[in-house]
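Engineer: return atomic coordinates for the entry below.
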Amino acid sequence: MSQQKNKTLKRIHPSAQEEDGKQSAPDSLRSFLDAQAETVYNRPWHRLERGFRMNRLRRFADEEAKKLNLSETEVQQLVVVLTKALDKRLLNTKSTVIYEQETGDIKEIKGLIMHRAADGKITFQMLEKKGATTMRRRAPSASEQPAPPQNKIDPSPPAL
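Structural biologist: Numbering: from 1, shown residues only. Purely as a prediction, here's the structure:
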């Protein structure tokens, strides 16, 4: 009797059971999440969260590896360069990354340079844009200041 008294009975909540052909709550939640997962990459590049951008950058690196026959180390180097560029916020603008929303693919990354060495190895580099600098007018120095106006005496007598 004491053994049965201490055992926990598993009860299935009636809303979790499938009744009348309806989906149960966990299945409807799963289908909702699956639908959202498919459409998450259909947003503009600058609206994607960092993790989703990283996913697309890795996918871009894999596509480039197929096009250029890159080795595994070269692909890893490309991913590292792209990750650092993302951390430095070089890939945050729509003009830098040509991203196709419908397919969720990166077509081009402007500023990504590939160098092929004589031995056939490829190295990657991101061009960093230098911010536009504005030149301020500097205050004229003492030697450059214009001379103070001289007081000239008017030869005509003052009018009364």
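
Engineer: quick one: low-confidence parts of the chain?
Structural biologist: 1-6, 8-24, 130-133, 140-149, 151-160 (pLDDT under 70).

Engineer: that one: helices as residue ranges?
Structural biologist: 2-6, 25-39, 50-68, 72-87 (DSSP state H).

Engineer: distance to residue 108 and mean neighbour count for those helices - can I get that in a markdown table?
Structural biologist: The way it works is simple: take the backbone N, C-alpha and C, and place the C-beta from them, glycine included. What follows is these, written out as a markdown table (distance: least, Cβ to Cβ, whole Å; neighbours: other Cβ atoms under 10 Å):
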| stretch | distance to residue 108 | mean neighbour count |
| --- | --- | --- |
| helix 2-6 | 66 | 6 |
| helix 25-39 | 23 | 10 |
| helix 50-68 | 9 | 15 |
| helix 72-87 | 13 | 16 |
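
Engineer: for the ones you listed, which one sits closest to residue 94?
Structural biologist: In terms of Cβ to Cβ, the element of the helices of the chain nearest to residue 94 is helix 50-68, at 12.5 Å.

Engineer: quick one, that closest one and helix 72-87 angle?
Structural biologist: 140 degrees (axes from the mean of the first three to the mean of the last three Cα atoms, to 10 degrees).

Engineer: distance from helix 50-68 to the middle of the chain?
Structural biologist: Distance, stretch centre to chain centre, for helix 50-68: 13 Å (Cα atoms, centre = their mean, to the nearest Å).

Engineer: likewise for stretch 37-50?
Structural biologist: 11 Å.

Engineer: which residues are contacting that stretch?
Structural biologist: Applying Cβ atoms under 8 Å, 6 or more residues apart in numbering, the contact partners of stretch 37-50 are 52-53, 56, 86, 92-94, 97, 99, 101-102, 104.

Engineer: residue nearest the centroid of the chain?
Structural biologist: residue 92 (4.0 Å; Cα atoms, centre = their mean).

Engineer: got the contact list for it?
Structural biologist: Per Cβ under 8 Å, 6+ apart, neighbours of residue 92: 46, 86.

Engineer: now do the buried residues in stretch 93-113.
Structural biologist: Using 16 or more other Cβ atoms under 10 Å as the test for burial, stretch 93-113 gives 96-97, 99, 104, 106, 109, 112.
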